[in-house]
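Colleague: Build the 3D model from these lines:
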Amino acid sequence: MRFELLRSGMAAFSLPLMAVIIITGCSVKTPPRAQPKKIPLVTTKMAVIGTISHSMELTGSVEPYRTARLGSPAEGPVVYLGVREGDTVRTGKKLCSIGRKSKVNALVVSLEEELRKEEDNLRRTRELVDKKALAGEQLDAAKAKYENVRAQLAGARETSGDFSITAPWSGVISRIPVREGDFVAPRTTLLELYDPSSLVVRVEIPERESTRLRTGMEARLRFDADPGKTVNGNVIRLYPYLNERTRTRTIEIKPKGALALLPGMFVRVEVITSSVDSAIIVPENAVVINPAGGSIAFVTEGNIARVRKVKTGIESTGKVQIISGIAAGDRVIVAGNEKLKDGAAVRLADPKNEKQGTKNSPPEGSGKETR
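Modeller: Numbers count the residues shown, from 1 in each chain. Next up, the predicted model:
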């Protein structure tokens, strides 16, 4: 009896359990819905035709190429100084004098005394030769000594005045390192003179760019003394060597027009080393380097991105010249092109403006570009 009850109880318990197993085993799982592929959002710009330039930004200074350092030809005191720094002088103007009169006067007195002695010696030698006491050669030697001293005396008398320094050409006095009363040695610099019409801008060019320059190249100059103003100029001279210490090459630039320049002025210089007119120009963000190392760009055909292999030229201020691969008027992708593939669908950032831009927007990047 107890066994029957236990058996009937187990049967009653197993029925609901089997029902749960049957229901669970027969349930069907619903697969997750596939997420729609996200179409990338891109921004485009039009390829335009314009002028693009490559340039270097450097610094330089205003310097004269025609200068003169006037030195003393002899020692003596500075007895006259007729100019000061900043004075404009003309050719032949007396600038200063070196006193040497007292020294020359002493030399004249000494030579006059020696000449009298040689004159007495010549007279006695002539008398002895006439008496056959001396050979005729002795008279010739006495005459030679007499003439030599007389020539020295004549030269000393001619140079008995002070030595004057005159201007070799018209210019401006830039430096006077001496003052009246100073006693100077021979070859001491007395004055410095420069020609204001010879003022140029000198610039040091790095070695890596030194062979790219040519005379006549354009330059833009900005002077700290006149902020906000840009002056055009041209390269007029290239030094034929590099500075061994700095490894730079000196060039000279002549500003155009009449300018109030002073030696030593600081100048910010932009030298245009190459320029291309009627170039196809796109923003530099449009060009991407592919894994193989080549340059590519994406253009839009409707809402489809197409890849183009491109050859680039001059790069300047966020713009790049396209030599081949893109035509003027093409819309190039400048943002959102990092992971694009050829034929990929894209969404335009502003379809209305993008569509209007192909017809009505003015050329972007036209005009000269510099860096």
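
Colleague: Pull out the buried positions in stretch 128-143.
Modeller: The neighbour-count criterion (16 or more other Cβ atoms under 10 Å) identifies 129, 134, 139, 142 as the buried residues of stretch 128-143. In short, each C-beta sits where N, CA and C put it, glycine included.

Colleague: Give me the average confidence score over that stretch.
Modeller: The predicted model gives stretch 128-143 an average pLDDT of 79.

Colleague: Tell me how many other residues surround residue 328.
Modeller: The number of residues packed near residue 328 is 16, by other Cβ atoms under 10 Å.

Colleague: ok, it touching residue 47?
Modeller: Yes. Applying Cβ atoms under 8 Å as the test, residue 328 and residue 47 come out as touching, 5.5 Å apart.

Colleague: After the helix or strand bottoming out on mean pLDDT in the chain, which helix or strand is next? Please name it.
Modeller: Of all helical and strand segments in the chain, the minimum by mean pLDDT, DSSP states H and E falls on helix 2-26, at a mean of 45. Toward the C-terminus, helix 2-26 is succeeded by strand 41-46 as the next helix or strand (DSSP states H and E).

Colleague: Strand partners (parallel or antiparallel) of that following strand?
Modeller: Next to strand 41-46 in the sheet, as set by DSSP bridges, lie strand 331-335 (antiparallel), strand 347-348 (parallel).

Colleague: Could you give the average pLDDT over the shortest one?
Modeller: Spelled out, it's strand 347-348. 88.

Colleague: chain center to it, what's the gap?
Modeller: For strand 347-348, the separation from the chain centroid amounts to 45 Å (computed by Cα atoms, centre = their mean, to the nearest Å).

Colleague: ok, and the closest non-adjacent residue to the residue nearest the centre of the chain?
Modeller: With distances taken as Cα atoms, centre = their mean, residue 58 lies nearest the centre of the chain, 3.8 Å away. Leaving out its chain neighbours, the residue that sits closest to residue 58 by Cβ to Cβ, 6 or more residues apart in numbering is residue 269, at 4.8 Å.

Colleague: Please name the strands paired to the helix or strand harbouring that neighbour in the sheet, noting orientation.
Modeller: In this structure, residue 269 is located in strand 266-283 according to DSSP H and E. Note on strand 266-283: by DSSP bridges, its sheet partners are strand 48-64 (antiparallel), strand 218-223 (antiparallel), strand 319-324 (antiparallel).

Colleague: Out of these, which is closest to residue 307?
Modeller: strand 319-324 (14.2 Å; Cβ to Cβ).

Colleague: in that closest one, what counts as buried?
Modeller: 319-322.

Colleague: any idea how far residue 210 is from residue 165?
Modeller: Computed with Cβ to Cβ, to the nearest Å, the distance linking residue 165 and residue 210 is 40 Å.

Colleague: Between these two, point out the one with more neighbours.
Modeller: In this comparison of residue 165 against residue 210, neighbours counted by other Cβ under 10 Å, the higher total goes to residue 165 at 21 against 18.

Colleague: Spell out which strands sit alongside the helix or strand hosting the more buried one in the sheet and which way each one runs.
Modeller: Residue 165 belongs to strand 163-166 when assigned by DSSP H and E. In its sheet, strand 163-166 lies beside strand 94-98 (antiparallel), with partners assigned from DSSP bridges.
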